[in-house]
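Novice: Provided below are the primary sequence and the corresponding predicted coordinates.
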Amino acid sequence: MTAERTRTASPTARPAETEPRARFADLLAAEWIKFWSLRSTAGGLALIAVLIVGSAVQQAMYDRDNWGRWSPEERAAFYPLRDAFVHNSYLVAMLAAGAIGAVTLVSEYGSGLIRTTFAAVPARRSLLAAKACVLAGVMSAVGAFIAVSAFLASQAILADHRAGLSIRHPGVPRAITGCALLLPVCALVGMGIAALLRHPASTIVTTTGVLLFLPLFFSPEHRWSREARNTMPLVAYDRLTDINPHPWGLYPPSLAEAWAVFAAWPLIALLIGLAVVHRRDV
C-alpha cells in the first residue's frame, strides 16, 4: 500500500516542456540584425547612393555649363529628368541591388549558417518572409532617399537657367516613385534567384542576366517579342521615368503595365523562394 502511494505521488515521467514559437516580430528583428551584419550591405548601399546622386550632379553641371552653346531647338528638346536619373547609373544600381538581395540569402547557404537558422526556426516560409520584408523595407527607404536627393540636387543646379522641374510637375512624383521602387524590385528578384540556385557565383551571374541582358533577346520589331520585352523591369523603369512625350515605336508599354511589372516580378520571386525553401533539404 505504501509503495503504491509512493509510485502515485512520484511519477516517473514529467510532461515535456514545449518552447514558444518565434513571433514574426522576433524574426524581423533577427533578420534586421543579420542584414546589417553583412559587411557588403552598407558598402553596397553607399555605392548606389554615391553613384546615382553623383551622376545626377555631374550631368546637371555639364548641361548647365554648356547651356549657352546650345541652339534654341536643343534647349527646347532638353529633358531635365535625364539629368536627375542618369540611365547608366541606374543600370549599375540594378546590379548592385540584385546582388545585395542575393547575398542576404546565399551567404547563409555558402557559410552553412542556414542549417542553424532552420534548426532554430523550422517555419522556413515565415523566416524567408521576414527576410523579404526587411530587404524590401530597407531598399525602399534607401531608394526613396536616393531618388529624391538626385532629383533635388540636379534640378537645383539646372535652376540657374530656369531649366529645372518642380517636384510637383506632372509626372515627376511618378518618376521618383519608379526610381525608388526599382531597388527593392531588383533586390527581391536577386533573393528569389538565390533561393532557387543556392550558389553564390551562379546566383550573381543569373541575376545579372535576368535584370540586364534578358531584354536584349527580344526584338522590338515583332509584336510578341515587343510585348515580352515590355514585361522586363528595365523597360518598366524606362516607361515610368519618361515624362517627356516621344515615340516609343510599335506596341509601347502603358503606365498600368509598367506598374504591374514592378508588382509582379518581386511577387513571383518571393513565391518561388517560399516554394523551394519549404520543399528542399538544406
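Specialist: Good, I have the coordinates.
Novice: max-length helix in the protein?
Specialist: helix 124-158 (DSSP state H).
Novice: and that helix, what does it pack onto?
Specialist: helix 24-37, helix 39-65, helix 81-84, helix 87-111, helix 113-120, helix 172-197, helix 255-279 (3 or more CB pairs under 8 Å, 6 or more residues apart in numbering; DSSP states H and E). Using the backbone N, CA and C atoms, a C-beta is placed for each residue, glycine as well.
Novice: Under the pLDDT cut-off, which ranges of the stretch 101-250 of the chain? List them.
Specialist: Residue ranges of the stretch 101-250 of the chain with pLDDT under 70: 243-250.
Novice: count of residues packed around the closest residue to I268 other than its chain neighbours?
Specialist: Residue nearest to I268 in three dimensions, not counting chain neighbours: G192, with 7.4 Å by CB to CB, 6 or more residues apart in numbering. A count of nearby residues for G192, using other CB atoms under 10 Å, gives 29.
Novice: Please give me every residue in contact with G192.
Specialist: 266, 268-270, 272-273 (CB atoms under 8 Å, 6 or more residues apart in numbering).
Novice: try it again with 6 Å
Specialist: Applying CB atoms under 6 Å, 6 or more residues apart in numbering, we find G192 in contact with 269, 272-273.
Novice: Can you select the buried ones from those in ChimeraX?
Specialist: Applying 16 or more other CB atoms under 10 Å to these, the buried members can be selected in ChimeraX as follows:
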select :269,272,273
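Novice: for I176, what are its contacts?
Specialist: 147, 151.
Novice: any idea how far L165 is from it?
Specialist: I176 sits 11 Å away from L165, going by CB to CB, to the nearest Å.
Novice: cool, and A29?
Specialist: 41 Å.
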